[in-house]
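S.K.: Let's see this in three dimensions:
(one chain, ligands or ions: 2)
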Amino acid sequence: MDNEADAFYRELPKVELHAHLNGSVSFQTIEKLISRKPHLNIEHGMTAIGKGQLRTLDECFQVFKVIHQLVDTEEDILMVATDVIKEFAADGVKYLELRSTPREEENTGLTKKRYVETVIKAIQQCKSEEVDIDVRFLVAIDRRNGTEVAMETVKLAEEFMLSTDGLVVGLDLSGDPKVGHGKDLLPALQRAKNCGLKLSLHLSEIPSQLEESDLLLNLPPDRIGHGTFLHPEVGGSQSLVDKMVQNNIPLELCLTSNVKGQTVSCYSKHHFKYWYQMGHPSVICTDDKGVFSTDLSQEYQLAASTFGLSREAVWKLSQQAIDYIFAPDTVKQQLKQKWIDIQPQMFK
Ligand SMILES: CNc1ncnc2c1ncn2[C@@H]1O[C@H](COP(=O)(O)O)[C@@H](O)[C@H]1O
Ligand SMILES: [Zn+2]
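M.R.: Ligands and ions are numbered 1, 2, ... in the order given. I've put the predicted structure just below:
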């Protein structure tokens, strides 16, 4: 990790709603994976982007390929998911929605079903060890893989939603935004919505996706990841903003990810400012804490220092995120109580 956040941000109870499993793998866990697979000749520099370093978004997607080589067995997935959950808990995250793309690997016999089962197993193990965090899972569609795979993924997510007692709560659409078009994925997303899966879609992460964003906002989705180029000041449009506002769709905003991936030129120009000033529901998230060498405490601190947020405003931001989780109201009530219990210690 590049920096350590100040105590206030580490102690702040937090909600993480946008975290890709394989992008969240820490330095320490990569070390263990590398020692399991020395023949791959993978070095740390290939799996993370350090302080002050920038990459193009294309280069970021190369990094995921390297990590996927390191994580290709059930044993790897179990370790990676367990470590990631415990790291978020240690960073003060009380509720986490983890997302990941089910993969099959011919070499190791890994199937998509076993992939999801293994992530669920890690969540259950952490629960039985009483790690202080409520974890839910979003099954991810990689947009690169097209219509049929998207539909298969929805069916898989549906099965697990019914069999895991509420651990699988929704579906994510992610992957390289330059590849594929949302219109081909619409039937799958519609089906997911109809069967009760919540939808979080990566939208307008790069310019030139206006038509796709317009189409997908008609679903409407339950949350949006990034939405970097939705508003008119950056080439989006007022009608896209209006759709976001009318449907009150929360945004998952990831400052370091956007700056290091160079879709946003600097922190002060991050679209957090636009949406936050409007009072639109915005949630600070990490995206890929391993790849971008960050954690959620640092992201909150960055937002506060860049946009001049008081401690009270930061507290409110983390507390309001509870309203946008995909788990049911009973979970929201439990989390709200937790925030009430912690508040007096933090504002003495
Ligand atoms: C940087 N911005 C981003 N934009 C779009 N998709 C992203 C992403 N960051 C991560 N992913 C998606 O998450 C996968 C890695 O985790 P999992 O193997 O699913 O756990 C990537 O392959 C990509 O599909
Ligand atoms: Zn993402």
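S.K.: wait, what's in contact with residue 297?
M.R.: By Cβ atoms under 8 Å, 6 or more residues apart in numbering, residue 297 lies in contact with 5, 9-10, 12, 14, 91-92. Yep, even glycine has a C-beta here, placed from its N, CA and C like the rest.
S.K.: again, only this time at 10 Å
M.R.: Counting by Cβ atoms under 10 Å, 6 or more residues apart in numbering, residue 297 touches 3-12, 14, 91-93, 286.
S.K.: Now, of the residues you listed, which are buried?
M.R.: Buried by 16 or more other Cβ atoms under 10 Å: 5, 8-10, 12, 14, 91-93, 286, out of those.
S.K.: so which residue of the stretch 51-200 of the chain comes closest to ligand 2?
M.R.: residue 174 (5.2 Å; Cβ to the ion).
S.K.: That residue touches residue 202, doesn't it?
M.R.: Yes - applying Cβ atoms under 10 Å as the test, residue 174 and residue 202 come out as touching, 4.8 Å apart.
S.K.: who in the stretch 51-200 of the chain is up against ligand 1?
M.R.: Residues of the stretch 51-200 of the chain lying near ligand 1 by Cβ under 6 Å from any ligand atom: 60, 64, 100-101, 140, 142, 174-175.
S.K.: Narrow those to those in helices?
M.R.: 60, 64 (DSSP state H).
S.K.: picking that back up, per-residue pLDDT, the residue of the stretch 51-200 of the chain closest to ligand 2?
M.R.: Model confidence at residue 174, given as pLDDT, is 98.
S.K.: cool, and residue 44?
M.R.: 82.
S.K.: Same check on residue 1?
M.R.: With respect to pLDDT, residue 1 scores 51.
S.K.: Number of residues surrounding residue 34?
M.R.: Neighbour count for residue 34, taken as other Cβ atoms under 10 Å: 17.
S.K.: got a list of what the nearest residue to it once chain neighbours are set aside touches?
M.R.: Nearest residue to residue 34, sequence neighbours excluded (Cβ to Cβ, 6 or more residues apart in numbering): residue 42, at 5.8 Å. Going by Cβ under 10 Å, 6+ apart, residue 42 touches 30, 33-34, 66-67, 69-70.
S.K.: Among the contacts of residue 297, which ones are in strands?
M.R.: Judged by DSSP state E, strands contain the following of these: 14, 93.
S.K.: quick one: which of the contacts of residue 297 is nearest to ligand 2?
M.R.: For these, the residue nearest ligand 2 by Cβ to the ion is residue 286; the value is 9.3 Å.
S.K.: thinking again about what came up before, so which helix or strand takes in the residue nearest to residue 34?
M.R.: Using DSSP states H and E, residue 42 sits in no helix or strand.
S.K.: In contact with the closest residue in space to residue 198 that isn't next to it in sequence, which residues?
M.R.: Nearest residue to residue 198 in three dimensions, chain neighbours excluded: residue 170, at 3.5 Å (Cβ to Cβ, 6+ apart). With contact taken as Cβ under 10 Å, 6+ apart, residue 170 is in contact with 97, 99, 136-140, 157, 161, 192-193, 196-200, 221-223, 326-327.
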